[in-house]
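Colleague: Structure for this input, please:
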Amino acid sequence: MMAQRLQRELNELKKKLLKLSAIAEEVVILAVKSIAERDAGLAARIIDGDIEIDHMEVNLEEDCLKLLALYQPVAIDLRFIVAALKINNDLERIGDLAVNIAERTVFLATQEKVDFPFDFQAMAETVKKMVRKSLDAFVKMDEDLAHEVLIVEKGMDLLHRDMYGKIEAVIRTNPAQIQTYISLLGVSRNLERIADHATNIAEDVIYLIEGKIVRHAKNQD
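Modeller: Numbers count the residues shown, from 1 in each chain. Below you'll find the model as predicted:
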(Lines give C-alpha, C1' and ligand atoms only; values in the text may rest on other atoms or scores of the structure.)
Protein backbone atom coordinates (compact mmCIF):
# COMPACT_ATOMS: atom_id res chain seq x y z
CA MET A 1 0.00 0.00 0.00
CA MET A 2 2.79 2.40 0.92
CA ALA A 3 4.62 1.47 -2.28
CA GLN A 4 1.54 2.37 -4.33
CA ARG A 5 1.22 5.72 -2.57
CA LEU A 6 4.88 6.43 -3.25
CA GLN A 7 4.45 5.70 -6.96
CA ARG A 8 1.45 8.04 -7.14
CA GLU A 9 3.49 10.74 -5.43
CA LEU A 10 6.41 10.16 -7.80
CA ASN A 11 4.13 10.39 -10.82
CA GLU A 12 2.75 13.70 -9.54
CA LEU A 13 6.29 14.95 -8.91
CA LYS A 14 7.26 14.09 -12.47
CA LYS A 15 4.23 15.99 -13.83
CA LYS A 16 5.24 19.09 -11.87
CA LEU A 17 8.83 18.80 -13.04
CA LEU A 18 7.73 18.46 -16.65
CA LYS A 19 5.59 21.58 -16.30
CA LEU A 20 8.54 23.53 -14.94
CA SER A 21 10.70 22.12 -17.76
CA ALA A 22 8.26 23.41 -20.38
CA ILE A 23 8.22 26.88 -18.80
CA ALA A 24 12.02 27.04 -18.54
CA GLU A 25 12.43 25.99 -22.15
CA GLU A 26 9.91 28.57 -23.32
CA VAL A 27 11.51 31.40 -21.37
CA VAL A 28 14.90 30.65 -22.97
CA ILE A 29 13.31 30.80 -26.43
CA LEU A 30 11.60 34.10 -25.59
CA ALA A 31 14.77 35.60 -24.09
CA VAL A 32 16.71 34.80 -27.27
CA LYS A 33 13.87 36.30 -29.32
CA SER A 34 13.86 39.46 -27.20
CA ILE A 35 17.58 40.09 -27.66
CA ALA A 36 17.53 39.30 -31.38
CA GLU A 37 14.61 41.70 -31.94
CA ARG A 38 15.57 44.27 -29.26
CA ASP A 39 12.05 43.82 -27.89
CA ALA A 40 12.02 45.53 -24.49
CA GLY A 41 8.33 44.76 -23.96
CA LEU A 42 8.88 41.03 -24.34
CA ALA A 43 11.93 41.28 -22.08
CA ALA A 44 9.86 42.98 -19.38
CA ARG A 45 7.31 40.16 -19.49
CA ILE A 46 10.10 37.60 -19.06
CA ILE A 47 11.45 39.47 -16.06
CA ASP A 48 8.00 39.78 -14.46
CA GLY A 49 7.28 36.08 -15.01
CA ASP A 50 10.37 34.86 -13.17
CA ILE A 51 8.52 34.75 -9.85
CA GLU A 52 6.38 31.85 -11.16
CA ILE A 53 9.47 29.73 -11.81
CA ASP A 54 10.84 30.60 -8.36
CA HIS A 55 7.61 29.50 -6.65
CA MET A 56 7.48 26.26 -8.61
CA GLU A 57 11.11 25.48 -7.77
CA VAL A 58 10.49 25.96 -4.04
CA ASN A 59 7.35 23.81 -4.10
CA LEU A 60 9.10 21.02 -6.00
CA GLU A 61 12.00 21.01 -3.57
CA GLU A 62 9.58 20.75 -0.65
CA ASP A 63 7.81 17.84 -2.37
CA CYS A 64 11.10 16.00 -2.87
CA LEU A 65 12.16 16.45 0.74
CA LYS A 66 8.75 15.31 1.96
CA LEU A 67 8.99 12.12 -0.11
CA LEU A 68 12.46 11.39 1.24
CA ALA A 69 11.27 11.85 4.82
CA LEU A 70 7.97 9.95 4.54
CA TYR A 71 8.92 6.96 2.39
CA GLN A 72 12.70 6.58 2.74
CA PRO A 73 12.88 5.34 -0.88
CA VAL A 74 15.69 3.16 -2.21
CA ALA A 75 17.19 2.17 -5.58
CA ILE A 76 15.54 3.73 -8.67
CA ASP A 77 12.97 5.67 -6.63
CA LEU A 78 15.69 7.29 -4.57
CA ARG A 79 17.71 8.11 -7.69
CA PHE A 80 14.64 9.69 -9.26
CA ILE A 81 14.05 12.00 -6.30
CA VAL A 82 17.74 12.96 -6.10
CA ALA A 83 17.78 13.66 -9.85
CA ALA A 84 14.53 15.62 -9.56
CA LEU A 85 16.04 17.82 -6.85
CA LYS A 86 19.06 18.61 -9.01
CA ILE A 87 17.10 19.10 -12.24
CA ASN A 88 14.67 21.35 -10.38
CA ASN A 89 17.56 23.59 -9.32
CA ASP A 90 19.02 23.66 -12.82
CA LEU A 91 15.66 24.66 -14.30
CA GLU A 92 15.34 27.53 -11.83
CA ARG A 93 18.85 28.71 -12.72
CA ILE A 94 18.02 28.50 -16.44
CA GLY A 95 15.06 30.77 -15.72
CA ASP A 96 17.32 33.23 -13.88
CA LEU A 97 19.80 33.30 -16.76
CA ALA A 98 17.01 33.92 -19.27
CA VAL A 99 15.99 36.88 -17.09
CA ASN A 100 19.59 38.12 -17.20
CA ILE A 101 19.42 38.06 -21.01
CA ALA A 102 16.10 39.91 -20.91
CA GLU A 103 17.66 42.57 -18.69
CA ARG A 104 20.40 43.04 -21.30
CA THR A 105 17.63 43.49 -23.89
CA VAL A 106 16.04 46.28 -21.85
CA PHE A 107 19.38 48.11 -21.80
CA LEU A 108 20.33 47.45 -25.43
CA ALA A 109 16.93 48.69 -26.63
CA THR A 110 17.92 52.15 -25.35
CA GLN A 111 21.27 52.16 -27.14
CA GLU A 112 22.40 52.74 -30.69
CA LYS A 113 22.05 49.49 -32.58
CA VAL A 114 25.25 47.61 -33.38
CA ASP A 115 25.81 44.32 -35.14
CA PHE A 116 26.66 41.26 -33.08
CA PRO A 117 30.43 40.81 -33.49
CA PHE A 118 29.95 37.04 -33.22
CA ASP A 119 27.54 34.47 -34.59
CA PHE A 120 24.78 35.06 -32.05
CA GLN A 121 22.18 33.04 -33.93
CA ALA A 122 24.40 29.95 -34.11
CA MET A 123 25.19 30.19 -30.41
CA ALA A 124 21.54 30.76 -29.46
CA GLU A 125 20.31 27.89 -31.63
CA THR A 126 22.88 25.54 -30.11
CA VAL A 127 21.79 26.49 -26.60
CA LYS A 128 18.10 26.07 -27.40
CA LYS A 129 18.78 22.63 -28.89
CA MET A 130 20.78 21.60 -25.82
CA VAL A 131 17.96 22.64 -23.48
CA ARG A 132 15.35 20.87 -25.62
CA LYS A 133 17.43 17.71 -26.00
CA SER A 134 18.27 17.46 -22.28
CA LEU A 135 14.61 17.86 -21.36
CA ASP A 136 13.55 15.36 -24.03
CA ALA A 137 16.10 12.94 -22.58
CA PHE A 138 14.43 13.33 -19.19
CA VAL A 139 10.88 12.96 -20.53
CA LYS A 140 11.75 9.88 -22.60
CA MET A 141 14.34 8.49 -20.16
CA ASP A 142 16.71 8.31 -23.13
CA GLU A 143 20.38 8.08 -22.16
CA ASP A 144 21.48 8.35 -25.81
CA LEU A 145 19.93 11.81 -26.07
CA ALA A 146 21.57 12.77 -22.80
CA HIS A 147 25.00 11.70 -24.05
CA GLU A 148 24.47 13.76 -27.22
CA VAL A 149 24.08 16.88 -25.05
CA LEU A 150 27.46 16.20 -23.43
CA ILE A 151 29.10 16.09 -26.84
CA VAL A 152 27.57 19.40 -27.96
CA GLU A 153 28.60 21.13 -24.71
CA LYS A 154 32.29 20.99 -25.67
CA GLY A 155 31.55 23.03 -28.78
CA MET A 156 29.77 25.68 -26.72
CA ASP A 157 32.96 26.41 -24.78
CA LEU A 158 34.77 27.04 -28.06
CA LEU A 159 31.98 29.32 -29.30
CA HIS A 160 32.13 31.44 -26.16
CA ARG A 161 35.92 31.78 -26.28
CA ASP A 162 35.72 32.79 -29.94
CA MET A 163 33.03 35.34 -29.13
CA TYR A 164 35.06 36.80 -26.26
CA GLY A 165 38.02 37.44 -28.54
CA LYS A 166 35.86 39.09 -31.19
CA ILE A 167 34.18 41.44 -28.70
CA GLU A 168 37.56 42.34 -27.20
CA ALA A 169 38.80 43.26 -30.68
CA VAL A 170 35.76 45.34 -31.60
CA ILE A 171 35.91 47.28 -28.31
CA ARG A 172 39.45 48.41 -29.25
CA THR A 173 38.20 49.80 -32.57
CA ASN A 174 34.96 51.27 -31.21
CA PRO A 175 35.47 52.24 -27.55
CA ALA A 176 32.50 54.63 -27.59
CA GLN A 177 30.19 51.59 -27.62
CA ILE A 178 31.94 49.75 -24.81
CA GLN A 179 28.81 49.42 -22.63
CA THR A 180 26.85 47.95 -25.52
CA TYR A 181 29.54 45.41 -26.27
CA ILE A 182 29.93 44.50 -22.61
CA SER A 183 26.19 43.81 -22.55
CA LEU A 184 26.58 41.57 -25.59
CA LEU A 185 29.41 39.81 -23.79
CA GLY A 186 26.96 39.24 -20.92
CA VAL A 187 24.46 37.73 -23.34
CA SER A 188 27.05 35.26 -24.58
CA ARG A 189 28.11 34.39 -21.05
CA ASN A 190 24.53 33.75 -19.99
CA LEU A 191 23.93 31.56 -23.02
CA GLU A 192 27.04 29.56 -22.15
CA ARG A 193 25.80 29.12 -18.58
CA ILE A 194 22.38 27.97 -19.79
CA ALA A 195 24.23 25.36 -21.84
CA ASP A 196 26.08 24.31 -18.68
CA HIS A 197 22.80 23.75 -16.86
CA ALA A 198 21.38 21.81 -19.82
CA THR A 199 24.49 19.63 -19.55
CA ASN A 200 23.86 19.16 -15.83
CA ILE A 201 20.34 17.95 -16.60
CA ALA A 202 21.68 15.49 -19.17
CA GLU A 203 24.18 14.18 -16.63
CA ASP A 204 21.39 13.75 -14.08
CA VAL A 205 19.34 11.78 -16.62
CA ILE A 206 22.32 9.47 -17.14
CA TYR A 207 22.60 9.07 -13.36
CA LEU A 208 18.89 8.31 -13.12
CA ILE A 209 18.95 5.67 -15.86
CA GLU A 210 22.39 4.12 -15.44
CA GLY A 211 23.17 4.91 -11.81
CA LYS A 212 26.48 6.46 -12.95
CA ILE A 213 27.83 9.87 -12.01
CA VAL A 214 29.48 11.03 -15.23
CA ARG A 215 30.39 14.63 -14.32
CA HIS A 216 33.90 13.90 -13.07
CA ALA A 217 34.50 11.18 -15.66
CA LYS A 218 33.67 13.73 -18.37
CA ASN A 219 36.17 16.21 -16.94
CA GLN A 220 38.91 13.60 -17.16
CA ASP A 221 38.41 13.02 -20.90
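Colleague: Find the residue closest to residue 53 in space, skipping its chain neighbours.
Modeller: What sits nearest to residue 53 in space, not counting adjacent residues and going by Cβ to Cβ, 6 or more residues apart in numbering, is residue 95, at 3.9 Å. Every residue, glycine included, has its C-beta placed from N, CA and C.
Colleague: And residue 183, by the same measure?
Modeller: Among residues not flanking residue 183 along the chain, residue 104 sits closest, at 4.8 Å (Cβ to Cβ, 6+ apart).
Colleague: What's the per-residue pLDDT of the one you found here?
Modeller: Looking at residue 104, its pLDDT is 95.
Colleague: which other helices and strands contact the top helix by length along the chain?
Modeller: When the chain is parsed with DSSP state H, its longest helix is helix 2-37. Where contact means 3 or more Cβ pairs under 8 Å, 6 or more residues apart in numbering; DSSP states H and E, helix 2-37 is packed against helix 40-71, helix 75-108, helix 120-140, helix 178-210.
Colleague: mind redoing it with 7 Å?
Modeller: Counting contacts by 3 or more Cβ pairs under 7 Å, 6 or more residues apart in numbering; DSSP states H and E, helix 2-37 packs against helix 40-71, helix 75-108, helix 120-140.
Colleague: ok, the residue nearest to residue 53 - contacts?
Modeller: Counting by Cβ atoms under 7 Å, 6 or more residues apart in numbering, residue 95 makes contact with 24, 27, 50, 53.
Colleague: Redo those residues as TSV? Include pLDDT and distance to residue 172.
Modeller: Shown next, in TSV, are the contacts of residue 95 (pLDDT from 0 to 100; distance: Cβ to Cβ, whole Å):
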residue	pLDDT	distance to residue 172
24	94	37
27	96	35
50	93	35
53	95	39
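Colleague: Tell me the one among these nearest to residue 120.
Modeller: For the contacts of residue 95, the residue nearest residue 120 by Cβ to Cβ is residue 27; the value is 18.0 Å.
Colleague: Let me see the contact set for the closest one.
Modeller: 46, 95, 98.
Colleague: can you count the residues close to the residue lying closest to it once chain neighbours are set aside?
Modeller: Computed as Cβ to Cβ, 6+ apart, the closest residue to residue 27 that is not its neighbour in sequence is residue 98, at 4.4 Å. Residue 98 has 30 neighbouring residues, counting by other Cβ atoms under 10 Å.
Colleague: Perfect, that will be all.
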